[in-house]
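Student: Quick one, structure for this:
(chains A, B, C, D, E and F)
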Protein chains: 6
Amino acid sequence: MFTLNVDTDLSLKLLEKEDAKELFALVDGSRDSLRRWLPWVDSMKQEKDYEPVIEMWLKQSASHDGFQAGILYKNKLAGMAGFHGIDWSNQKTSIGYWLSEKYQGYGVMTKVVKALVNYAFENYKLNRVEIQCGVDNQKSNGIPKRLGFKQEGMIRDGEFLYDHYHDCVLYGILSREWEAKGQTK
Amino acid sequence: MFTLNVDTDLSLKLLEKEDAKELFALVDGSRDSLRRWLPWVDSMKQEKDYEPVIEMWLKQSASHDGFQAGILYKNKLAGMAGFHGIDWSNQKTSIGYWLSEKYQGYGVMTKVVKALVNYAFENYKLNRVEIQCGVDNQKSNGIPKRLGFKQEGMIRDGEFLYDHYHDCVLYGILSREWEAKGQTK
Amino acid sequence: MFTLNVDTDLSLKLLEKEDAKELFALVDGSRDSLRRWLPWVDSMKQEKDYEPVIEMWLKQSASHDGFQAGILYKNKLAGMAGFHGIDWSNQKTSIGYWLSEKYQGYGVMTKVVKALVNYAFENYKLNRVEIQCGVDNQKSNGIPKRLGFKQEGMIRDGEFLYDHYHDCVLYGILSREWEAKGQTK
Amino acid sequence: MFTLNVDTDLSLKLLEKEDAKELFALVDGSRDSLRRWLPWVDSMKQEKDYEPVIEMWLKQSASHDGFQAGILYKNKLAGMAGFHGIDWSNQKTSIGYWLSEKYQGYGVMTKVVKALVNYAFENYKLNRVEIQCGVDNQKSNGIPKRLGFKQEGMIRDGEFLYDHYHDCVLYGILSREWEAKGQTK
Amino acid sequence: MFTLNVDTDLSLKLLEKEDAKELFALVDGSRDSLRRWLPWVDSMKQEKDYEPVIEMWLKQSASHDGFQAGILYKNKLAGMAGFHGIDWSNQKTSIGYWLSEKYQGYGVMTKVVKALVNYAFENYKLNRVEIQCGVDNQKSNGIPKRLGFKQEGMIRDGEFLYDHYHDCVLYGILSREWEAKGQTK
Amino acid sequence: MFTLNVDTDLSLKLLEKEDAKELFALVDGSRDSLRRWLPWVDSMKQEKDYEPVIEMWLKQSASHDGFQAGILYKNKLAGMAGFHGIDWSNQKTSIGYWLSEKYQGYGVMTKVVKALVNYAFENYKLNRVEIQCGVDNQKSNGIPKRLGFKQEGMIRDGEFLYDHYHDCVLYGILSREWEAKGQTK
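Tutor: Residues are numbered from 1 along each chain as shown, chains lettered A, B, ... in the order given. Got it, this is the predicted structure:
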């Protein structure tokens, strides 16, 4: 099991075909809360629907284009986080994340995203990391704020959720800012 | 020659292999002014370098993912404009453009971009169109302002140009705003 | 909408996914007359059947191998015409076409095929253009005759139509003949 | 060595990578006579040039689209013959062939082409076989005439040979004609 | 029909799409005896199931990676034999084979495998040929023993057959041993 | 950095493009000792030669076909180990490994291979794991012996090394034997 350690209880894991079952169960167990902010929840109706997606994620990581990883908290799958591709020409990337309801409120995601930002700046040597959050998704907006990202704009109707568009706040942080804050491990 | 008419003197054309010569000459003739804002100018050293790029643009248009087209002014190639792919899930796209120096100042690009926005909303039925401009590129910023786009944010270090990053202004317009302005043809 | 102008009322258009509906309706509305000479009519049973075909036509045009285009008469889809690939080694191509019944008899197709022959000789710089017509399809045979093609042969059992083979007349015209006739625009 | 027996001394062989050497030597040894009618002779300058071509022929035969085979006369490579693809919709194909000079005049090619026509009608169950010959290539025209093909037309400027076009005679024979002549083995 | 002659009554044939019917009938007619040693018998339930497999075999032979061929005994399909890919780096391959029950007991397979070993050493110029046989499959083990292969090992649980693993005997012969025995034709 | 922990000082890492430099330096620094048993050492002449290979390894791991990983000892690359693909039909795989000279003699590889065998039986749920060692490579043979593999055979001339073949010992262990020994973590 290839993992990226975050702290003692927390790690990221490249999901494999065998993980479809646990991933389906996790999402299926909190459909109501997840579908409020995630556009793909309704289309994932059975374990098998995750297999082509896991394959796509594995191909992404094998293509030097970032990765999507499972978040393991005390060895249980708690959510996912990762990079939406990498723009090597402009040396930037964008981070996305979600956490099942029962793992929320313990600071799990702040630690995970901090690890991903570190990975982007240290391992990939990028210059800029973006995060976009639904404007009313307070928990999600808390992460980039807590990590010192600057709010750079508001993408109106930036995302479509089942039956409506919602606005997305755009956050960004630069490599030199991250270093100045001493956030690197 | 398949074209999209803009007005009497102005049209957009899907470039073919045969156009590599004219495109090379156009860029080669104004390298200094173009490389100030376009990151790819220095790497295009000969006519042949455009062939794989033209092939890539043709594949884009054949993949229902927007298009990159040549701007014909009185039947001469004057620049290029088009869509950087289409995000069908969120019903949005982003427009890019450049014009050779000697065609600037006559309102050519405003007409072209207006035609592209119309194409996005009417032909593709999208909900949102974005434009990003280098913050100090006044001519480029003039286009979305003139067409009623809203300035939504500032993407810091958004683009890498040969030896430095520069900030990019993010503009957006929504389908309902465009209709309200009566900009559709 | 990328078009190739033929005359004021007439143009050719690269069909896109969105055109499947109009194309289905056009063929469906004159199945009886079209299936007399076209082998594919019976297999196109619903709008969706045209999507992979339109995709294939777009790939053809993006591969520098000719194109299949919709014929627009006063902005309505009236039929199709185009090139069955290009033999670059021998600098020749072959033209095919069909028109819905209600648009027949106004000289539409002669103008369209003339524009295609011009395109082959001027844009692609080819040396030879072929047309094959079912021997008993008088309207179809009228086009190459009217445009000065020479009858070069008879391909016995050249095409299979649902339950029988029929003979095809082979017509050809060379670049030098076309110029001599002054048919170029 | 997979072969199709023609008669005691004569067979067809699917060429493999290992045959590039013998094929190059055969063509190289009669460049002058072969280039009179074959357009590809000048571009084959070394043994290695045949490797991608042999690969392409093997892919053709593996794609159920006919084959190109070496002609073995007393176990020596003497030339090539085969099908230029198969038009399954219209149940027809076209045969091509060439023979090195020193094997000409013994009836080798008539036997080989007869075997190929049999293969097309019996193995592939096709309805029509075509042969095209350069109008002045008397030896080549002798084959379809001897086998009872009908001359169906003249494709003017049908083929480009290095610096000029030449006309091609089109021959065709139908399954029912072949059977009537009792040519099947 | 491309064949590799073994002796007067016996040959190997590259199977084509058209052979799916005869292949299905052959296997279907001796399911009970074949499934004792072949793991794929149960999954082949109809003629159509062989089409993708035949396509895969044809691609193998077109990729210079060995071949799987039908065994023709007096022009009837009697079984199959061939190479499980070729390890060009180490100059070795592995032979597999099966025969329908009613053709067993006449020495057919010994002749066929001898021809394949010759093909591997003479045509492919390999250094080593392997055969693996289920430890209790006496007829199968008889072939390499009769041809002078050395027993080199026992692969425990080497193959899975529907509901159990069985051990496989590993046999090998080297080019120099084959020549010393004078087995080459 | 995605890793599979072996013990405190030891882990396996999926190599990425960025690791080509360190991998080249490691192999280049002990060419003489490595080329005695590894057939690919001579062909890797510069850092860049590893990039397509690393890409191939990443594709392997993304294809659910095992992986090749770097061995990190106290965060330094010390060698590589992994699976040569997975035979899912027969539920078995084969392990390969090499270590740079200066890390040999400390039991590093025994721990690594033990972790891989565990991975094969627990994560992939396989039934059988193989290892092949050059017959005179004593250090390499020590690993499977120490871990309780059974010697199952001798593959004569099993591998080609630059200018000669050498025999390979075949070792195998089954899932039930591994459990009986209590080797699982």
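Student: anything in the helix ranked longest in chain A near chain B?
Tutor: Identified as the longest helix of chain A according to DSSP state H is helix A:50-62. No: for helix A:50-62 and chain B, the contact criterion (CB under 8 Å from any CB of the partner chain) is not met; the two come no nearer than 14.1 Å. Where you see a C-beta, it was placed from the backbone N, CA and C, and this is true even at glycine.
Student: elements contacting that helix?
Tutor: Helix A:50-62 is packed against helix A:20-28, strand A:68-73, helix F:50-62, with contacts defined by 3 or more CB pairs under 8 Å, 6 or more residues apart in numbering or on different chains; DSSP states H and E.
Student: angle of that helix against helix F:50-62?
Tutor: Counting by axes from the mean of the first three to the mean of the last three CA atoms, to 10 degrees, helix A:50-62 points 160 degrees away from the direction of helix F:50-62.
Student: For helix A:50-62, which residues meet the burial criterion?
Tutor: Using 16 or more other CB atoms under 10 Å in any protein chain shown as the burial criterion, the residues of helix A:50-62 that qualify are A:Tyr50, A:Ile54, A:Trp57, A:Leu58, A:Gln60, A:Ser61, A:Ala62.
Student: quick one, what contacts A:Leu38?
Tutor: Under the criterion of CB atoms under 8 Å, 6 or more residues apart in numbering or on different chains, the contact list for A:Leu38 reads A:Trp98.
Student: Can you read off the pLDDT for it?
Tutor: Looking at A:Leu38, its pLDDT reads 95.
Student: Repeat that for A:Gly107.
Tutor: We have a pLDDT of 94 for A:Gly107.
Student: Quick check: the gap between whichever residue of chain A sits closest to chain C and chain B.
Tutor: Among the residues of chain A, A:Phe160 lies closest to chain C, at 19.2 Å counting by CB to the nearest CB. If you measure A:Phe160 against chain B using CB to the nearest CB, to the nearest Å, the figure is 5 Å.
Student: Figure out the helix or strand that that residue lives in.
Tutor: With the criterion set as DSSP states H and E, the secondary-structure element containing A:Phe160 is strand A:150-161.
Student: quick check: mean pLDDT across that strand?
Tutor: Along strand A:150-161, the predicted local confidence has a mean pLDDT of 98.
Student: which other helices and strands contact that strand?
Tutor: strand A:128-134, strand A:164-174, strand B:128-134, strand B:150-161, strand B:164-174.
Student: How far away from the center of its chain is it?
Tutor: Computed by CA atoms, centre = their mean, to the nearest Å, the separation of strand A:150-161 from the middle of its chain amounts to 17 Å.
Student: C-alpha coordinates for that strand, CSV please?
Tutor: Output of strand A:150-161 as CSV, limited to C-alpha atoms (Å, rounded to 0.1, in the frame of the first residue of the first chain):
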residue,chain,number,x,y,z
LYS,A,150,-5.1,35.0,-0.5
GLN,A,151,-8.7,35.4,-1.8
GLU,A,152,-8.1,36.5,-5.4
GLY,A,153,-11.6,36.6,-6.9
MET,A,154,-15.0,35.3,-7.3
ILE,A,155,-15.9,33.0,-10.2
ARG,A,156,-19.6,33.7,-10.8
ASP,A,157,-21.6,30.6,-11.7
GLY,A,158,-18.3,28.8,-11.6
GLU,A,159,-19.8,25.3,-10.9
PHE,A,160,-23.0,23.4,-11.8
LEU,A,161,-24.6,21.3,-9.1
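Student: Sort out which residues of it are buried, please.
Tutor: Of the residues in strand A:150-161, those buried under the neighbour-count criterion (16+ other CB under 10 Å) are A:Glu152, A:Gly153, A:Met154, A:Ile155, A:Arg156, A:Asp157, A:Gly158, A:Glu159, A:Phe160, A:Leu161.
Student: likewise stretch A:82-96?
Tutor: Here stretch A:82-96 shows A:Gly82, A:Phe83, A:Ile86, A:Asp87, A:Asn90, A:Gln91, A:Lys92, A:Thr93, A:Ser94, A:Ile95, A:Gly96 as buried, counting by 16+ other CB under 10 Å.
Student: how about the residues of chain A near chain B?
Tutor: Residues of chain A lying near chain B (CB under 8 Å from any CB): A:39, A:89-92, A:127-128, A:130, A:150, A:152-160, A:165, A:170, A:172, A:174.
Student: again, only using 6 Å
Tutor: Counting by CB under 6 Å from any CB of the partner chain, chain A comes close to chain B at A:90-91, A:127-128, A:152-154, A:156-157, A:159-160, A:170, A:172, A:174.
Student: Among those, which one sits closest to chain B?
Tutor: Nearest to chain B, judged by CB to the nearest CB, of those is A:Gly153 at 1.3 Å.
Student: Please name the residues that touch the residue lying closest to that closest one once chain neighbours are set aside.
Tutor: Leaving aside its chain neighbours, A:Gly153 sits nearest to B:Gly153 (1.3 Å; criterion: CB to CB, 6 or more residues apart in numbering or on different chains). Residues near B:Gly153 by CB atoms under 6 Å, 6 or more residues apart in numbering or on different chains: A:Glu152, A:Gly153, A:Leu170, B:Leu170.
Student: Reformat the residues you listed as a markdown table; add distance to E:Thr8.
Tutor: Converted to a markdown table, the contacts of B:Gly153 look like this (distance: CB to CB, whole Å):
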| residue | distance to E:Thr8 |
| --- | --- |
| A:Glu152 | 83 |
| A:Gly153 | 83 |
| A:Leu170 | 80 |
| B:Leu170 | 80 |
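Student: hang on, the earlier thing: reformat the buried residues of strand A:150-161 as CSV; add distance to A:Lys13.
Tutor: Formatted as CSV, the entries for these read as follows, by distance: CB to CB, whole Å:
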residue, distance to A:Lys13
A:Glu152, 31
A:Gly153, 33
A:Met154, 34
A:Ile155, 31
A:Arg156, 36
A:Asp157, 34
A:Gly158, 29
A:Glu159, 27
A:Phe160, 30
A:Leu161, 28
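Student: Beta-bridge partners for the residue nearest to A:Gly153, please?
Tutor: On the basis of DSSP bridges, B:Gly153 is bridged to A:Gly153, B:Leu170.
Student: any idea how far it lies from chain E?
Tutor: Look at B:Gly153 and chain E: by CB to the nearest CB, they are 52 Å apart.
Student: any idea how far that residue is from chain D?
Tutor: Separation of B:Gly153 from chain D (CB to the nearest CB): 52 Å.
Student: go on, A:Lys125?
Tutor: Spatial separation of A:Lys125 from chain D under the definition CB to the nearest CB is 39 Å.
Student: Ramachandran coordinates for that residue?
Tutor: As for A:Lys125, its main-chain torsions (degrees, to the nearest 10) stand at phi 60, psi 40.
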